[in-house]
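Engineer: Sharing a sequence plus its predicted fold:
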Amino acid sequence: VGGSFPIEVRISGSERTEGGYDLDYGIQIARALDGKVDLIHVSAGTQQVEYSCVKMHPGPFEHDMENRNLAAEIRRHVKTPVCSVGAYNFPWQMEDAIASGDADCIAVGRALVADPMLVKKIVEGREAEITPCLRCSDCMSSMIAFRGMRCAVNPIVGRENEFFHPLPVNRRRKVLIAGGGPAGMEAALTAAGKGHTVVLCEERDKLGGALRFADSGAPNKLTMKRYRDSQIRKVLDDPDIEVRLNTRVDADVVREIAPDVLIAAVGGQPVRPPIPGVEGDHVFFGADLTADTPLGQNVVVIGGGMIGCEESVYLNDLGHHVTIVELQDDIAADCLKYPFLWLHHEVGSRNIRVLTRSSCSAIGPDSVTVKHLDSGEVENLPCDSVVLAAGMRSRVSEVEALRPLCPTFYVAGDARQAKNVMMAVRDGYDAAVDLGL
């Protein structure tokens, strides 16, 4: 190809899996390439072992810059420039890796899916406007499941043909948004960005809605906390958005503001299954857990979906003895490929008892009664606390109370259908875009 054509080779500094090669062998590979290529791009993992791919694309359970040490060590043994990749989300992380001599350049993948303007914002000194990646890998998981890319925090990804050339706003409107969660904040930012006047009301004393669970202290919620706090900061800094905290939208509020449009983003609420004893003082919702929740030593988590698994891992790490009770055949059944791999690995690598195809029939003061569906056997599980992770449902009554208050009415996020952050963000964005039609 000639001397002016750059050749870059991507390698795993270590396959980071049992039976795979380690960093010493990665250094040998790099030495063999030294002087023969223009850039040695150091990643990790192998496609031959499913879970090691999580090290290649670090998820929320991994650390920031997870594989930086691999590039740093290889760079000490070669003269060829070395590139580092893996969970670089912020400019200061990239600058530090280069300034310290751990790498000559940084490669960014999923962070550019979350915010395609990341580099432009860095160059223009607008780092605070960057939308941080959750490292949830919905982008890659959705390509496997649906043959198309999506992103939890970028509502345009996968729908570029619909939104790449947005229609102009034909009428400026006053928009009232009920609810300051992920859907409400995305709707507010999008509507204000299109020139509408926005009043965002939140019944609590802080924006964030269901994302308050990011304050639980669980390490894997750090990326979610960063995203939530970034959205809150953007909303509060936008001069076209008036934020009213401790304000529940009702007929009086609508009458005072007199909006042209009302968007109901009032969120959802945890499902309380009809189990005898579920109203006990030692029973808590997983979505409401904080570092101060008074849990006992033995905890039974009812529900083994994503939330139940994440909470179980966190509680086990805090020293609790945890048992998951799940009705379906497997845990994390509501997850796509990569979260499914993460959660199975994290739960399986800890002393967490998992009971699948099991139902909870009663909650007592110091035990939970479980029926194993395959054998019909009934078992009493000793426990001090119970965590409910049986899903969420929409606040239908609140939505319907708001519907007649404004002729132009939208429902967004969990208020429409309780799902996840990605669907909430898309709903909020879609509602705001539709205002211009």
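Structural biologist: Structure received. Numbers count the residues shown, from 1 in each chain.

Engineer: List the buried residues in the helix or strand harbouring residue 399.
Structural biologist: Assessed by DSSP states H and E, residue 399 sits inside helix 396-402. Residues of helix 396-402 classed as buried by neighbour count (16 or more other Cβ atoms under 10 Å): 398, 399, 402. Where C-beta positions appear, they are placed from N, C-alpha and C, glycine not excepted.

Engineer: Just put these in JSON lines and tack on distance to residue 161 and pLDDT.
Structural biologist: Output for these, formatted as JSON lines (distance: Cβ to Cβ, whole Å; pLDDT from 0 to 100):
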{"residue": "398", "distance to residue 161": "35", "pLDDT": "96"}
{"residue": "399", "distance to residue 161": "30", "pLDDT": "97"}
{"residue": "402", "distance to residue 161": "33", "pLDDT": "97"}
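
Engineer: can you put those in CSV and add distance to residue 125?
Structural biologist: Compiled in CSV, the buried residues of helix 396-402 are given as follows (distance: Cβ to Cβ, whole Å):
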residue, distance to residue 125
398, 42
399, 41
402, 41
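
Engineer: Run the chain-centre distance for the longest helix seen in the chain.
Structural biologist: If each helix of the chain is counted by residues according to DSSP state H, the longest one is helix 222-237. In terms of Cα atoms, centre = their mean, to the nearest Å, the centre of helix 222-237 is set 12 Å apart from its chain centre.

Engineer: One more: stretch 126-141?
Structural biologist: Shown here is stretch 126-141, whose average C-alpha point lies 9 Å from the average C-alpha point of the whole chain (Cα atoms, centre = their mean).

Engineer: Tell me which helix or strand residue 185 sits in.
Structural biologist: Residue 185 is part of helix 182-193, with elements assigned from DSSP H and E.

Engineer: any idea of the mean pLDDT in that helix?
Structural biologist: In this model, helix 182-193 carries a mean pLDDT of 96.

Engineer: same deal with stretch 104-111?
Structural biologist: Averaging the model's pLDDT scores along stretch 104-111 yields 96.

Engineer: Please apply the same query to stretch 274-286.
Structural biologist: Taken as a whole, stretch 274-286 carries a mean pLDDT of 94.

Engineer: what sits up against that stretch?
Structural biologist: Where contact means Cβ atoms under 8 Å, 6 or more residues apart in numbering, the residues beyond stretch 274-286 that reach it are 213, 270, 272, 293, 295-296, 301-303, 307-308, 311, 360-365, 384-389.

Engineer: ok so, going back, with just CA atoms, put the helix holding residue 399 into CSV.
Structural biologist: Extracted as CSV, the C-alpha positions of helix 396-402 are listed here (Å, rounded to 0.1, in the frame of the first residue of the first chain):
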residue,chain,number,x,y,z
VAL,A,396,-52.5,5.3,34.8
SER,A,397,-54.8,7.2,37.2
GLU,A,398,-52.5,10.2,37.3
VAL,A,399,-52.2,10.3,33.5
GLU,A,400,-55.9,10.1,33.0
ALA,A,401,-56.5,12.9,35.6
LEU,A,402,-54.2,15.2,33.5
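
Engineer: List the strands paired with whichever helix or strand comes after it, with their directions.
Structural biologist: Heading C-terminal from helix 396-402, the first helix or strand you meet, by DSSP H and E, is strand 409-411. Partner strands for strand 409-411, per DSSP bridges, with pairing direction: strand 261-264 (parallel).

Engineer: Run the chain-centre distance for the partner strand.
Structural biologist: In terms of Cα atoms, centre = their mean, the centre of strand 261-264 is found 25 Å from the chain centre.

Engineer: so what does the next helix or strand after that strand touch, helix or strand wise?
Structural biologist: On the C-terminal side of strand 261-264, the nearest following helix or strand under DSSP H and E is strand 268-270. Under the contact definition 3 or more Cβ pairs under 8 Å, 6 or more residues apart in numbering; DSSP states H and E, strand 268-270 sits against strand 392-394.

Engineer: residues making contact with the strand it packs on?
Structural biologist: Strand 392-394 is contacted from outside by 210, 268, 269, 270, 271, 287, 414, 415, 416, 417, 418, using Cβ under 8 Å, 6+ apart.

Engineer: ok, now with 10 Å
Structural biologist: Identification of contacts with strand 392-394 by Cβ atoms under 10 Å, 6 or more residues apart in numbering yields 210, 264, 266-272, 285, 287, 307, 411, 413-420.

Engineer: Can you select the buried ones among those residues for me in PyMOL?
Structural biologist: The following PyMOL command selects only the buried members of the contacts of strand 392-394, with burial defined by 16+ other Cβ under 10 Å:
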select buried, resi 210+264+266+267+268+269+270+285+287+307+411+413+414+415+416+418+419+420
